[in-house]
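Peer 1: got a predicted model here, sequence first, then my questions.
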Amino acid sequence: MSDTLELARDLIARPSLTPDDAGCQRMMAERLAVLGFRIEHLRFNGVDNLWARRGDARPLFVFAGHTDVVPTGPVGKWHSPPFEPTLRDGMLYGRGAADMKGSLAAMVTACERFVAAHPAHRGAIGFLITSDEEGPSVDGTVRVVETLVARGESMDWCLVGEPTCVKQLGDTIKNGRRGSLTGLLTVRGKQGHVAYPQLADNPVHRAAAALAELIAIRWDEGNAHFPPTSLQIANIHAGTGASNVIPGELVAQFNLRYSTQQTHAGIMARVHALLDHHGLDYSLEWTHSGAPFLTQPGVLSQAVQHAVRDCAGIEAELSTSGGTSDGRFIAPTGAQVIELGPLNASIHQVDECVAVADLDRLSAIYQRVLELLLVEER
Ligand SMILES: [Zn+2]
């Protein structure tokens with residue numbers, strides 16, 4: 001069994017449901033300490049985070065990721081228990097196999113081989129690992145980044161191990177992510193009897209036209225790096241359950257995934273103007289969970305693409321699709337941020353899995369990235 005597979009199995013066997021790290025970070029830290037990493041366990045409000053660094057020089061290359069996993073869903077639907085790592089037909093099954101304990105194992109073993117071959121590499125290597133990525137993401141990466149910024153510790157390059165690939169390991173790397181903005185809209189009317197509409201004010205009727213206009217907006221066409229901005233209504237509620245009552249209020253929740261063609265302030269202003277135009281009595285609460293970020297093609301993206309070419313024999317495509325990631329907290333520091341991890345087809349699902357061969361290949365790619373960035377040309 002390869003080192004990477006063995007470590008991935010040990011990590012999966014620890015049921016680290018957000019925000020519980022279940023000892024995963026200590027297991028990684030022990031391996032890194034042996035390599036000469038300085039270890040810091042940063043705990044914020046019950047959330048475990050690991051910051052490990054080898055070397056004081058710049059440039060600083062950082063592997064970033066999370067040890068926490070999402071809930072298993074119905075355990076009975078799994079073909080093997082979610083926290084018992086199981087090999088079947090060349091695949092490793094278990095919660096977190098692809099998102100992202102396989103990547104964490106590959107990062108550690110890549111470093112072990114790299115440091116053995118290049119103990120006096122240039123620059124420094126860091127690990128920024130949280131147990132609060134799948135949850136509120138309040139006491140995780142963002143707090144570690146604040147800590148590093150406060151002490152003037154700057155990252156130059158950051159490789160996030162999120163599962164980015166679609167059909168084949170290495171086919172897709174992320175060089176940014178869209179922003180995410182959620183609105184909770186309450187439209188007020190006046191409850192009454194459906195037979196006496198003149199005595200009531202139906203908020204469903206009032207909201208319908210405004211919502212129709214809202215979903216018809218073409219926000220932008222995207223740009224070279226981003227798909228078009230999209231708005232989706234996620235929840236809508238009104239009514240008492242009775243067929244003879246006009247409801248007093250309608251509540252709708254919608255989410256925008258937006259490109260760098262928009263700002264969250266601009267989107268909010270446009271939605272308010274639309275609702276005001278319809279003369280609604282409403283309130284609207286916003287949650288902005290992440291601004292869009294983009295790493296322009298450059299030293300890091302080229303090194304990752306080069307490594308994929310060397311180790312997987314394919315050309316990695318740059319993409320900004322999918323949900324947001326903790327990269328949104330790291331990119332604003334000025335670091336280049338690229339994400340590369342296993343296939344994402346099974347993440348958050350029952351029977352989550354990763355190909356065993358991909359674990360070793362991913363580790364080889366990560367090692368190659370270190371060589372390309374931290375070994376002087378000669
Ligand atoms: Zn993840």
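Peer 2: In hand now; what should we look at?
Peer 1: excluding covalently adjacent residues, which one is nearest to the closest residue to the ion within the stretch 1-150 of the chain?
Peer 2: For the stretch 1-150 of the chain, the nearest residue to the ion under the criterion CB to the ion is residue 99, separated by 4.1 Å. (C-beta placed from N, C-alpha, C; glycine too.) On the basis of CB to CB, 6 or more residues apart in numbering, the spatially nearest residue to residue 99 that is not a chain neighbour turns out to be residue 347, at 4.1 Å.
Peer 1: for the one you found, grab the count of nearby residues.
Peer 2: Other residues near residue 347 come to 21 when the count uses other CB atoms under 10 Å.
Peer 1: give me phi/psi at it?
Peer 2: Backbone dihedrals for residue 347, given as degrees, to the nearest 10, come out at phi -70, psi 140.
Peer 1: so who does it touch?
Peer 2: For residue 347, the set of contacting residues under the criterion of CB atoms under 8 Å, 6 or more residues apart in numbering consists of 98-99, 163.
Peer 1: out of those residues, which sit inside helices?
Peer 2: The helices, defined by DSSP state H, take in nothing from the contacts of residue 347.
Peer 1: quick one: which of those residues is nearest residue 223?
Peer 2: Set against residue 223, the nearest of these by CB to CB is residue 163 (25.1 Å).
Peer 1: how near is that closest one to the ion?
Peer 2: From residue 163 across to the ion, the span is 7 Å (CB to the ion, to the nearest Å).
Peer 1: so what's that residue scoring on pLDDT?
Peer 2: pLDDT recorded at residue 163 is 97.
Peer 1: ok, now residue 378?
Peer 2: At residue 378, the pLDDT recorded in the model is 50.
Peer 1: same check, this time on residue 262
Peer 2: If you check residue 262, the pLDDT there is 96.
Peer 1: quick check: closest non-adjacent residue to it.
Peer 2: Taking CB to CB, 6+ apart, and ignoring the residues beside it in sequence, residue 262 has residue 229 as its nearest neighbour in space, at 5.4 Å.
Peer 1: for the residue lying closest to residue 197 once chain neighbours are set aside, give me its contacts.
Peer 2: Excluding the flanking residues, the one nearest residue 197 by CB to CB, 6+ apart is residue 246, at 6.6 Å. Listed by CB under 8 Å, 6+ apart, the contact set of residue 246 reads 189-194, 197, 200-202.
Peer 1: got it, and residue 321?
Peer 2: Neighbour list for residue 321: 174, 178, 227 [criterion: CB under 8 Å, 6+ apart].
Peer 1: can I assume residue 340 is in contact with residue 368?
Peer 2: No. Shown here, residue 340 and residue 368 do not form a contact pair, counting by CB atoms under 8 Å, at 11.4 Å.
Peer 1: who's more crowded, the two?
Peer 2: Under the neighbour definition other CB under 10 Å, residue 340 and residue 368 were set side by side, and residue 340 has more, 27 against 20.
Peer 1: which residues touch the more buried one?
Peer 2: Residues in contact with residue 340, defined by CB under 8 Å, 6+ apart, are 159-161, 164-165, 170, 173-174, 304, 308, 316, 362, 365.
Peer 1: and residue 290, by the same measure?
Peer 2: If you count contacts by CB under 8 Å, 6+ apart, residue 290 has them with 177, 179-180, 324, 328.
Peer 1: what kind of secondary structure is the residue nearest the centre of the chain in?
Peer 2: The residue at the geometric middle of the chain, judged as the C-alpha nearest the mean C-alpha position with CA atoms, centre = their mean, is residue 325 (2.3 Å). Taking DSSP: H, G, I helix; E, B strand; the rest coil as the rule, one finds residue 325 in the coil state.
Peer 1: just residue 126 next, same as before
Peer 2: Taking three-state DSSP, the label given to residue 126 is strand.
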